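J.: would you be able to build a 3D model of this:
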Amino acid sequence: MDSSGIPKKRSKKELFTKGSLIAVIISIPSLATFFLAWFLLQNLIEAAIIGLVVHFIAMGFVVKTAKKILGAKY
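T.: Got it, this is the predicted structure:
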């Protein structure tokens, strides 16, 4: 936003870059946890459940990060 309160327009490249960054922040912890749990537990279902829980926790934390990256109004 500028001083007049009107939000500035973002380019498609900027939105794609910032959206990709947010996707990486969400997906890397959940995938790493899934594969680590699968390797340690040797059980696909339990590893999937653990990865899903971590994924939703990461989604909760990324809301604040997305507001900082994209701005207050996205």
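J.: three-state assignment of the closest residue to Pro29 other than its chain neighbours?
T.: Nearest residue to Pro29, sequence neighbours excluded (Cβ to Cβ, 6 or more residues apart in numbering): Ala58, at 5.0 Å. Any C-beta I mention is one placed from the backbone N, CA and C, and that applies to glycine too. Assigned by DSSP: H, G, I helix; E, B strand; the rest coil, the conformation of Ala58 is helix.
J.: show me what contacts Ala58?
T.: Residues in contact with Ala58 (Cβ atoms under 8 Å, 6 or more residues apart in numbering) are Ile25, Ile26, Pro29, Ser30.
J.: and it, how far is that from Ile28?
T.: 9 Å (Cβ to Cβ, to the nearest Å).
J.: helices or strands up against the lengthiest helix in the chain?
T.: The longest helix of the chain (DSSP state H) is helix 12-41. The contact analysis (3 or more Cβ pairs under 8 Å, 6 or more residues apart in numbering; DSSP states H and E) places helix 12-41 against helix 44-70.
J.: pLDDT score for the residue nearest to the spatial centre of the chain?
T.: The centre of the chain sits closest to Ile26, judged by Cα atoms, centre = their mean, with a distance of 2.7 Å. On pLDDT, Ile26 comes in at 90.
J.: so where's this structure shaky on pLDDT?
T.: Counting by pLDDT under 70, the chain has low-confidence residues at 1-7, 72-74.
J.: just to revisit the earlier point, what angle do the longest helix of the chain and helix 44-70 make?
T.: 150 degrees (axes from the mean of the first three to the mean of the last three Cα atoms, to 10 degrees).
J.: list the buried residues in helix 12-41.
T.: Judged by neighbour count using 16 or more other Cβ atoms under 10 Å, the buried positions of helix 12-41 are Lys18, Ile22, Ile25, Ile26, Pro29, Ser30, Thr33, Phe34, Ala37, Trp38.
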